[in-house]
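Student: Predicted model follows, preceded by the sequence.
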Amino acid sequence: MEASQQKTANKPIIPPKEHFYLDGPKPRIYELSFAWKVFTQFIKGFRNLHFLRPCITVFGSARFKEDHIYYEKAREFGRRIAETGFSTMTGGGPGIMEAANRGAFEAGGESVGCNIQLPFEQKPNPYLHRSITFEYFFVRKVILVKYSYAFIIMPGGFGTLDEFFETLTLVQTKTITQFPIVLFGKDYHKDLWDYIMYMAEEGTIAKEDLNLVLLTDDVDEAMQHIQTYIQKNYTIKPARKKWWLFEKN
């Protein structure tokens with residue numbers, strides 16, 4: 001490989017940001033500014049989604065194309081979610097996210113995307129009724145969890161696994177209600193599931209924690225699992241709009 005090619009091959013996928021956290025404490029005004037930016041992003045999310053119907057969130061890779069089997073499965077999930085009267089929420093980007101939003105959009109359901117500012121891959125897909133873009137991953141993840149009654153984890157990469165394990169940890173520790181979590185794709189997740197079972201055998205998680213996740217290849221089984229749990233446990237109470245908060249009817 002030539003030197004120029006070697007140099008190009010070694011470039012990071014995402015250009016490194018300035019090393020803000022390596023030069024000691026920041027000035028208090030900087031920290032206040034950061035806290036204010038985080039606060040305003042949360043308020044932006046709350047204001048935009050407060051009157052949203054309860055959601056089912058679909059996580060998955062941004063890299064699957066339209067001809068991939070998991071794209072079509074995610075699209076089917078979007079259609080099925082719309083049929084239940086729930087909104088479909090995703091990270092708002094391409095791939096699995098686009099497919100789930102597309103299925104809901106085409107079926108006449110509500111389609112929502114919570115996007116993130118990235119230098120690649122993450123552009124809002126065209127099948128969104130509502131789209132919000134966040135700067136910070138942790139703000140986005142709070143919003144994706146806050147408005148959802150169930151979670152469908154499709155095949156994906158680091159981001160998808162991060163969202164899966166964070167949601168699972170919140171349920172496991174009873175930080176949020178024990179909402180249904182579906183891990184879809186037995187072949188894709190086989191090694192991951194084997195390792196989760198290994199953790200149970202080693203005692204680093206309780207064996208009962210395995211019951212928090214449904215591993216399946218069947219869309220019907222996944223939707224039945226979600227619907228049964230929701231029908232038994234939750235009543236949806238619509239929020240009322242308040243004129244003094246400039247909320248239009």
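Tutor: Here it is on my side, so go on. Numbers count the residues shown, from 1 in each chain.

Student: Sketch out the strands for this structure, chain order is fine.
Tutor: 55-59, 87-90, 111-116, 130-134, 148-153, 181-184, 213-216 (DSSP state E).

Student: can you list contacts of the second one?
Tutor: Among residues not part of strand 87-90, those counted as contacts by CB atoms under 8 Å, 6 or more residues apart in numbering are 52-60, 77-78, 81-82, 96-98, 100-101, 103-104, 109-114, 144, 147-148. C-beta here means a position set from N, CA and C on the backbone, and glycine is covered the same way.

Student: Dead centre of the protein: give me the residue that sits there.
Tutor: Phe59 (4.5 Å; CA atoms, centre = their mean).

Student: Please give me every residue in contact with that residue.
Tutor: Thr90, Gly91, Ile96, Leu144, Phe151, Ile152, Ile153, Met154, Gly156, Thr160, Glu163, Phe164.

Student: do the same with Lys141
Tutor: Here Lys141 is in contact with Glu163, Glu166 (CB under 8 Å, 6+ apart).

Student: And the one 10 residues further on, by the same measure?
Tutor: Phe151 makes contacts with Ile56, Thr57, Val58, Phe59, Val145, Phe164, Thr167, Phe179, Pro180, Ile181, Val182, as judged by CB under 8 Å, 6+ apart.

Student: from those, which single one is nearest Ile230?
Tutor: Checking the contacts of Phe151 against Ile230 with CB to CB, the nearest one is Pro180 at 7.6 Å.

Student: From Val58, how far off is the closest one?
Tutor: Going from Pro180 to Val58 by CB to CB, to the nearest Å gives 13 Å.

Student: who's more crowded, the two?
Tutor: Comparing Pro180 with Val58 by neighbour count (other CB atoms under 10 Å), the higher total belongs to Val58, at 29 against 21.

Student: what sits against the residue nearest to the more buried one when sequence neighbours are not counted?
Tutor: Nearest residue to Val58, sequence neighbours excluded (CB to CB, 6 or more residues apart in numbering): Ala100, at 3.9 Å. Shown in contact with Ala100 (CB under 8 Å, 6+ apart): Val58, Gly60, Ala74, Arg75, Phe77, Gly78, Ile81, Thr88, Thr90, Ile152, Met154.

Student: Now with 10 Å, please.
Tutor: 56-60, 71, 73-79, 81, 88-91, 111, 113, 125, 127, 152, 154 (CB atoms under 10 Å, 6 or more residues apart in numbering).

Student: Could you do Gly95 as well?
Tutor: Here Gly95 is in contact with 60-66, 68, 70-71, 74, 121, 125, 154-156, 160 (criterion: CB under 10 Å, 6+ apart).

Student: Can you tell me what sits against stretch 28-35?
Tutor: Phe20, Pro25, Lys26, Pro27, Tyr136.

Student: Kindly export it (C-alpha atoms) in CSV.
Tutor: Written as CSV, here are the backbone C-alpha positions of stretch 28-35 (Å, rounded to 0.1, in the frame of the first residue of the first chain):
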residue,chain,number,x,y,z
ARG,A,28,-17.8,28.3,35.4
ILE,A,29,-19.4,30.3,32.6
TYR,A,30,-18.5,27.5,30.2
GLU,A,31,-20.1,24.9,32.5
LEU,A,32,-23.2,27.1,32.9
SER,A,33,-23.5,27.5,29.1
PHE,A,34,-23.2,23.7,28.6
ALA,A,35,-25.9,23.1,31.3
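
Student: Now for this protein: which helix has the highest residue count?
Tutor: Across the chain, the helix with the greatest residue count (assigned by DSSP state H) is helix 28-49.
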